[in-house]
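>>> Attaching a predicted model along with its sequence, questions to come.
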Amino acid sequence: MRLLIVEDNAELSRLVAGGLAAAGYQSDIVGSAAEAREAVSSVSYAAMILDLGLPDGDGLSVLRELRIKMEPLPVLVLTARGGLQDRVSGLRSGADDYLAKPFAMEELVARLEAILRRPGQLLGRSLSLANLVYDTESRQIFVDDQPRIISARETSVLEILLRRQGRVVPKKNVEDHIFGLDGEVASNAVEVYVSRLRKQLAEHGAKVVIHTIRGVGYLMDVEK
């Protein structure tokens with residue numbers, strides 16, 4: 001799943017992104033409040049890690065705007081402001097958790113995972129449908145309890161479709177999950193990866209089907 005890191009310290013943001021990558025998370029990095037607003041409006045993220053001391057404003061203003069718009073995006077505040085009143089203000093402004101700098105990467109990952117395990121959020125150790133099981137931590141795929149290999153991009157598509165199994169996932173959400181803010185994406189890139197995923201699942205004997213909902217997106221369900 002893809003996360004947004006809002007942090008103006010380039011070295012720290014790279015370290016956080018690296019630690020999250022080691023834990024299995026993809027990240028986009030922005031360094032200002034304006035960039036954070038733009039990123040959230042264009043990409044569907046699983047969670048945001050938000051610094052408060054941004055060069056063009058207070059991160060709390062970004063957080064409050066999200067909550068005023070009823071945006072459910074989970075937000076973990078990561079900041080040097082570690083006083084009691086700072087923590088209280090952050091949580092009352094809508095933060096899901098608050099971690100003061102300096103911090104241990106292991107604690108950041110653990111707090112993030114705790115947020116994503118809450119009801120309605122995206123994290124679960126395993127996702128299953130029919131005879132297909134996907135382990136979100138090891139990124140291993142099993143069909144009839146046998147490990148199977150599926151390419152990395154196709155695995156990303158599989159994850160988002162499994163998390164929303166039985167529901168239509170907009171094409172834009174699939175694209176965001178795969179590419180985030182990586183730049184220009186070919187217009188047919190999602191179709192190509194979905195097609196490859198279908199082929200690989202069929203070859204492995206997975207009893208699932210991916211429906212294309214024209215003009216909308218994709219839906220994964222049990223094969224009838």
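Happy to help now that I have it. Numbers count the residues shown, from 1 in each chain.
>>> Helix, strand, or coil at residue 85?
Of the three states, residue 85 takes helix according to DSSP: H, G, I helix; E, B strand; the rest coil.
>>> neighbours around it, how many?
8 (other CB atoms under 10 Å). For every residue, glycine as well, the C-beta is placed using N, CA and C.
>>> Ok, residue 206 next?
24.
>>> which stretches of the protein form helices?
10-22, 33-42, 59-68, 84-92, 105-116, 152-163, 171-179, 189-203 (DSSP state H).
>>> Nearest to residue 50, out of these?
helix 59-68 (4.9 Å; CB to CB).
>>> and the closest one, what does it pack onto?
When contacts are defined as 3 or more CB pairs under 8 Å, 6 or more residues apart in numbering; DSSP states H and E, helix 59-68 packs onto helix 33-42, strand 47-50, strand 75-79, helix 84-92.
>>> Outside of that helix itself, which residues are in contact with it?
Residues from elsewhere that reach helix 59-68, judged by CB atoms under 8 Å, 6 or more residues apart in numbering: 6, 33, 36-37, 40, 50-54, 73, 75, 77, 79, 89-90, 93-95.
>>> For it, buried residues please.
Of the residues in helix 59-68, 59, 60, 62, 63, 66 count as buried by neighbour count, 16 or more other CB atoms under 10 Å.
>>> if we can go back for a sec, switch the helices and strands packed on helix 59-68 over to JSON lines; also include mean pLDDT and distance to residue 222.
Shown next, in JSON lines, are the helices and strands packed on helix 59-68 (pLDDT from 0 to 100; distance: least, CB to CB, whole Å):
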{"stretch": "helix 33-42", "mean pLDDT": "90", "distance to residue 222": "33"}
{"stretch": "strand 47-50", "mean pLDDT": "95", "distance to residue 222": "29"}
{"stretch": "strand 75-79", "mean pLDDT": "94", "distance to residue 222": "35"}
{"stretch": "helix 84-92", "mean pLDDT": "91", "distance to residue 222": "41"}
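>>> looking at those, which is closest to residue 24?
Of all the helices and strands packed on helix 59-68, it is strand 47-50 that lies closest to residue 24, at 13.4 Å by CB to CB.
>>> what are the pairing partners of the closest one, and which direction each?
Strand 47-50 has the following sheet partners, assigned by DSSP bridges: strand 2-6 (parallel), strand 75-79 (parallel).
>>> Can you tell me which of these is nearest to residue 133?
strand 2-6 (22.2 Å).
>>> Let me know the angle separating that closest one from helix 33-42.
Orientation of strand 2-6 against helix 33-42 (axes from the mean of the first three to the mean of the last three CA atoms, to 10 degrees) gives an angle of 160 degrees.
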